[in-house]
Every structure is written in C-alpha cells, then in structure tokens.
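Visitor: I need the structure of the sequence given here:
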Amino acid sequence: MRVEQSRATGWVAWVLFGGVILVLLGTVHTYVGLIALFRPEVLAGTRAGLLLPIGWTGLAWAHLVIGVVAIADGWALIRGLKWARLVAILLATGSALVNFVFAAGHPVWSGIAIVLAVIVIYATAAHGGEVADAYGT
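Guide: Coordinates of the predicted model:
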C-alpha cells in the first residue's frame, strides 16, 4: 500500500475557520432577518438613520437570503467542496455590504460582521484549495 503525502499546510485551519464563521454569520443573519421581518420595533434605529433608504422589510429579506445560503455554503466549504469557495467569497462580500448598509441600526454588530467577512474572504481566496487536498479529494 502506497502512502501519499498531503501538500496541505496549516492554512487549512483558516479555511475551516472561515467555514465555521460563515455558518455563524449565516445563523445571525437569519435571526436578524426574522426579527426585522416579524418584530421590527425590536431593532434600534430608524429608516432615516440607514445609509440607503431601504425599508426594514427589504433589509429583512436580504438578511434571510444571505443567512440561509451562508449556512449551507459554510457546511460545503468545511467539507472541501470546490464550488463552495467561490460562493463563500461572494456571500462574505454580500454579507459585508449588507452589514455596511445596516451599520446605522447596529454599529457594533455590523463592524464585527464586516471584519469576520473579510477573514472568510482572505482564508478562502488564499488557501481554499488546500482543504480539498487535505481531505484527499
């Protein structure tokens, strides 16, 4: 039996971390979207305080869509699927943009979410191929 050596480096952990963060970001986006959809009075801020004049309903649906897709893609990224890398970068970029728009309502959370999205983008873009190599696929 021949043993092959993996070319994967320690950076695989960053991609897996990015997948976990993407699942967590998706979960939070989903909850924020549900809150904004069913109980918008709970969220602080007003439409006038938002960067773009988008209603809470539109923002709620944006959070819901990004959240559900991010959860599914985070799991695919953790499993090392190749298509998940591009989707993860696009989702993290979309998440950062939505949180930038949402910053007036919740500035602390939006800032944290933008930083986490940047980490996902970097880890996936720079070292995403190493995960598939680590799994041997």
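Visitor: what's the single longest helix in this structure?
Guide: helix 12-38 (DSSP state H).
Visitor: from G80, how far off is A132?
Guide: 4 Å (C-beta to C-beta, to the nearest Å). In this view, the C-beta of every residue, glycine as well, is placed from N, C-alpha and C.
Visitor: more neighbours: which of the two?
Guide: The neighbour comparison of A132 against G80 (other C-beta atoms under 10 Å) goes to G80, with 22 against 18.
Visitor: would you map the helices across the protein?
Guide: 12-38, 56-78, 83-101, 107-127, 129-135.
Visitor: mind putting those into a markdown table with mean pLDDT?
Guide: Formatted as a markdown table, the helices of the chain follow (pLDDT from 0 to 100):
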| stretch | mean pLDDT |
| --- | --- |
| helix 12-38 | 88 |
| helix 56-78 | 88 |
| helix 83-101 | 88 |
| helix 107-127 | 87 |
| helix 129-135 | 75 |
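Visitor: how close does A76 sit to V15?
Guide: The value you get for A76 to V15, if C-beta to C-beta is used, is 12 Å.
Visitor: likewise for V69?
Guide: 18 Å.
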